[in-house]
Structures are given as C-alpha cells and as structure tokens.
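A.B. asks: just the structure for this:
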Amino acid sequence: MDTNPVAAQDTPDGEETESWGSFLWFCTKLILAVLLFRALAFSFFTIPSESMLPDLQTGDYLIAAKWPYGYNENSMPLGLPGPTDRVFGKTPERGDVVVFKHPIDRSDYVKRVIGLPGDTVAMVDGQLILNGELIEKKRVDDFTIAISANTRCHNRAEEIRGADGIPLCRYHRFEETLPGGRRYRVLDFGPTPQDDFETVVVPEGKLFVMGDNRDNSQDSRFPALAGGGVGLVDQRLLVARASLVLFSTDGSAEWIKPWTWFTAARWGRIGHSI
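C.D. replies: From the prediction side, this is the model:
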C-alpha cells in the first residue's frame with residue numbers, strides 16, 4: 001500500500017510545462033481576439049467636450065462600429081499598421097455621427113456629417129443651407145443638464161436651479177431635418193460670428209462635419225488647426241460610426257472612494273442610441 005499520498009499527487013515536470021504552455025496560448029488567443037474585435041467590429045471612445053450637446057455629453061463612453069466605412073490605417077487600434085486607402089470603404093450618410101482622426105494632431109474627433117461630396121454647404125444667420133435649400137430648423141423644448149465636475153455652463157447659456165436645488169444649465173434647443181428625413185437636435189446661443197459662412201463645395205473624398213452644439217464647436221467651418229478646427233475632413237481619416245452610449249459619468253468619481261463610482265454615473269444615459 002502506498003503510504004505517501006503527497007508523493008502520489010506530484011505533477012510530472014512535463015505536465016507542468018504543458019499547463020503553462022496552455023495558459024500562454026490561451027492568453028495569446030485572447031489578445032488576438034480582442035485586437036480583431038477592436039480592428040474589425042467595434043471600438044470605444046470617450047467624449048471630452050461639449051461640442052456634441054445635446055446628444056452626446058462630456059463623460060459619455062461610446063461604442064462605435066468599424067465596418068460601416070471600411071478599414072485603413074486610421075481605423076486600426078493601438079497604432080497597428082493597415083492599408084493607406086480604405087478597404088470596403090463606404091461614404092457616410094448625412095446625419096451620421098462619425099469618429100475620425102484630426103487632420104493635424106491625429107486625435108479622435110466626433111462630429112455629425114452635414115455635407116457629402118458634391119454638396120454645397122452654407123450658413124446664414126445660423127440657418128443651414130444645403131445644395132441651395134434651407135434646412136428645416138424649428139424650436140423645440142429647452143435642454144437642461146446638471147452642472148458637474150466635467151460639465152460647465154457656457155456663459156451664453158442660462159444657469160438655473162432644479163426642483164431639488166441642483167444647479168442646472170439651460171440651452172435653447174432646435175430640431176433640424178436633413179433631406180431624406182434624418183432629424184437631430186442642436187443647440188444655439190443666438191447670433192455669433194460662426195453663424196455665417198460662404199458657400200463651400202465639398203470635394204470628392206471629403207466631408208463637411210459640424211458639432212450639434214453649433215456655437216461651441218470647432219468643425220468644418222474652421223480651417224484645420226491642431227486642437228481646433230478640422231476643415232473639410234478626408235474620408236481616409238474616418239475611424240468608426242458612433243452607435244451607443246455604454247456608460248456615462250459626471251466626472252465626480254474618485255478612485256479612493258469606491259462609492260463615488262456609482263453616485264457619479266449617469267444611469268439614464270446607458271444604452272442611449274446615437
């Protein structure tokens with residue numbers, strides 16, 4: 001009879017090596033699966049500014065679809081190499097919210113597509129004119145948002161108090177309707193210098209993009225400048241189409257205070273479709 005149960009359970013060196021090898025192979029496959037997912041299916045982005053209010057808020061975490069506009073070096077995650085020209089490329093539709101690389105500083109920007117190749121775009125007194133036709137714009141209910149650690153109140157907006165005493169910021173909100181019926185909401189502070197620009201013809205391969213927070217957005221109305229305007233956006237700079245808000249925070253969370261991870265969350269934003 002074997003009187004040494006511990007010795008009977010010893011693992012041979014070959015089996016131990018095989019276990020480590022299996023674990024490393026599992027990790028390798030997991031990393032490859034994540035990279036393929038981010039390269040071909042979806043990627044994740046955060047909203048750092050208020051240029052896309054009211055639809056997107058500072059602190060929103062987005063999931064964005066990679067396949068609608070094709071793939072190239074700009075859509076690859078973690079600086080991985082890719083083709084210079086887009087593979088399976090497709091032009092966005094007017095009204096799409098797109099993620100793209102800034103033409104100068106290569107940071108990720110999020111804006112709404114207004115003009116496609118061949119379109120003419122102009123603005124007079126804050127009224128968009130697309131291909132010579134006024135874009136329908138009507139006043140709707142005001143937009144309010146809680147002032148928080150990552151959300152300030154613009155000096156052209158109105159700061160108010162909610163019923164519970166929470167400071168809020170109130171903006172005038174409008175609804176625009178593009179040809180084809182695509183509707184979305186925009187904010188307008190009233191007369192500003194960027195409310196007027198001469199007719200622009202969108203060249204082949206380019207896009208005219210704007211922020212929904214019209215008087216607080218550096219977009220195609222402004223020449224491309226690092227940290228500023230983007231000019232007419234080359235479609236090769238497209239990364240993905242914004243799809244869904246996965247999570248949102250008001251910026252008040254602190255790592256050393258775990259309960260604030262929950263109190264800072266904007267739970268009502270989760271699952272918001274873009």
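
A.B. asks: quick one: pLDDT of the closest residue to G180 other than its chain neighbours?
C.D. replies: Excluding the flanking residues, the one nearest G180 by C-beta to C-beta, 6 or more residues apart in numbering is R94, at 6.8 Å. Quick note: C-beta positions are derived from backbone N, CA and C, even for glycine. The model reports R94 with a pLDDT of 96.

A.B. asks: burial count for R94?
C.D. replies: Taking other C-beta atoms under 10 Å as the neighbour definition, R94 ends up with a count of 18.

A.B. asks: that one: what's it in contact with?
C.D. replies: R94 makes contact with 113-116, 178-180, 182 under the criterion C-beta atoms under 8 Å, 6 or more residues apart in numbering.

A.B. asks: do G59 as well
C.D. replies: When contacts are counted by C-beta under 8 Å, 6+ apart, G59 is found next to 46-47, 150-151, 248-251, 266.

A.B. asks: and the helices in the protein?
C.D. replies: With DSSP state H as the criterion, the chain has helices at 5-8, 13-36, 260-263.

A.B. asks: the residue nearest to G180 and L128, how far apart?
C.D. replies: Applying C-beta to C-beta, to the nearest Å, the value for R94 to L128 is 11 Å.

A.B. asks: overlap in contacts, those two.
C.D. replies: Residues touching both R94 and L128 comprise I114, with contact defined as C-beta under 8 Å, 6+ apart.

A.B. asks: run through this structure and note the low-pLDDT ranges.
C.D. replies: Within the chain, the stretches falling below the threshold (pLDDT under 70) are 1-18, 21, 23, 25-42, 77-81.

A.B. asks: in ChimeraX, select just the buried ones from the contacts of R94.
C.D. replies: Only the buried entries of those go into this ChimeraX selection, using 16 or more other C-beta atoms under 10 Å:
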select :113,114,115,116,178
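
A.B. asks: just the buried residues from the contacts of G59, in ChimeraX please.
C.D. replies: The command below creates a ChimeraX selection of those among these that count as buried (16+ other C-beta under 10 Å):
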select :47,150,151,248,249,250,266
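
A.B. asks: quick one, what contacts the residue nearest to G190 when sequence neighbours are not counted?
C.D. replies: The shortest distance from G190 to any residue that is not its chain neighbour, by C-beta to C-beta, 6+ apart, is 7.0 Å, and that residue is R156. By C-beta under 8 Å, 6+ apart, R156 lies in contact with 189-190, 215.

A.B. asks: out of these, which end up buried?
C.D. replies: A residue is treated as buried here by neighbour count (16+ other C-beta under 10 Å); on that basis the buried members of the contacts of R156 are 189, 215.

A.B. asks: for the contacts of R156, give me JSON lines that also has distance to D55.
C.D. replies: Putting those into JSON lines (distance: C-beta to C-beta, whole Å) gives the following:
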{"residue": "F189", "distance to D55": "17"}
{"residue": "G190", "distance to D55": "20"}
{"residue": "D215", "distance to D55": "16"}
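
A.B. asks: ok, of the contacts of R156, which one's closest to R139?
C.D. replies: Sorting those by how near they are to R139, with C-beta to C-beta, puts G190 at the top with 12.2 Å.

A.B. asks: which positions within the longest strand along the chain qualify as buried?
C.D. replies: Using DSSP state E to assign secondary structure, the strand with the most residues in the chain is strand 238-248. By 16+ other C-beta under 10 Å, the buried positions in strand 238-248 come out as 238-242, 244-245, 247-248.

A.B. asks: same check, this time on stretch 103-121
C.D. replies: Those would be 103, 108-116, 119, 121, for stretch 103-121 by 16+ other C-beta under 10 Å.
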